[in-house]
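Enquirer: Sequence plus the predicted model coming up.
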Amino acid sequence: MIKAIVCADEGWGIGKKDGLLYNIPADMHHFVNETQGKIVVFGYKTYESLKVKPLKRRVNLVLWDQATSLDCIPGCITFKDLNQLIYFVSILAKNQDVYVCGGASLYKIFIERGLVELVDLTVVMGNDNEATAFFPNLNKYGYHTVKKEDFWGNNETNGHLISKQIWVKDEIGDYSAERFNAELYNNL
């Protein structure tokens, strides 16, 4: 299954100045737990912004318009051609979870083309007016919320009120919260 994992404010802002909009320890912990042992997909600028790269215990796929070979970034499989990346991801997603991890352009492509079946969304309540990068508004692309859990601000959320949400494409069928892994939120 192709999934997206993202943290956004209520205005769908996800980044500013080539970095994350928010640094929330609980969300970072959730990202690690969800993506370990899985396949992660990045655009080049997002990949370059990672503090540790490649991400350990994951297969790292990177879309980079300067790629010269599949292994030109150590520890990653690199793609110069978007359609080749999408084809490769669609094959892999038949047998395992693939997480689209950003940036904004890559999220937009995968959402607009209807490739993402599930979005694991952390919403930070409020809007950061300095946001320069945005996640697509899922309401406009045929997704609906199947699970939502709110958390009050504490040290793990850097004082922010956050909402953990799972969104799925409407065409997938009659999804209910019971069909999702109960452990999704155990680490928050």
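Expert: Arrived safely, thanks for sending. Numbering: from 1, shown residues only.
Enquirer: ok, which stretches of this structure are strands?
Expert: 2-9, 13-16, 19-20, 39-43, 59-63, 76-79, 98-100, 118-124, 133-134, 143-151, 162-169 (DSSP state E).
Enquirer: need the least confident one among the ones you listed, by mean pLDDT.
Expert: Lowest mean pLDDT of those: strand 19-20, a mean of 88.
Enquirer: Not counting its neighbours along the chain, what's nearest the residue lying farthest from the centre of the chain?
Expert: With Cα atoms, centre = their mean as the measure, the chain has its most outlying C-alpha, relative to the mean C-alpha position, at T68: 25.8 Å. Once flanking residues are discounted, T68 sits nearest to K80: 7.8 Å by Cβ to Cβ, 6 or more residues apart in numbering. Bear in mind the C-beta positions are built from the backbone N, C-alpha and C, glycine included.
Enquirer: neighbours of the one you found, just the number please.
Expert: Neighbourhood size, K80 [other Cβ atoms under 10 Å]: 15.
Enquirer: Can you read off the pLDDT for it?
Expert: 96.
Enquirer: That one touches V62, doesn't it?
Expert: No: contact criterion Cβ atoms under 8 Å: K80 and V62 do not qualify, at 10.2 Å.
Enquirer: Next, work out how far apart the residue nearest to K53 when sequence neighbours are not counted and K38 are.
Expert: Counting by Cβ to Cβ, 6+ apart, K53 lies nearest to Y47, which is 6.3 Å off, once chain neighbours are set aside. Using Cβ to Cβ, to the nearest Å, Y47 is found at 16 Å from K38.
Enquirer: Between the two, which is the more surrounded one?
Expert: A direct count of neighbours by other Cβ under 10 Å for Y47 and K38 places Y47 higher, at 24 against 17.
Enquirer: Can you tell me how far the more buried one is from I166?
Expert: From Y47 to I166 the distance is 25 Å (Cβ to Cβ).
Enquirer: same thing with K56?
Expert: According to Cβ to Cβ, K56 stands 26 Å off from I166.
Enquirer: show me what contacts G142?
Expert: 114, 169-171 (Cβ atoms under 8 Å, 6 or more residues apart in numbering).
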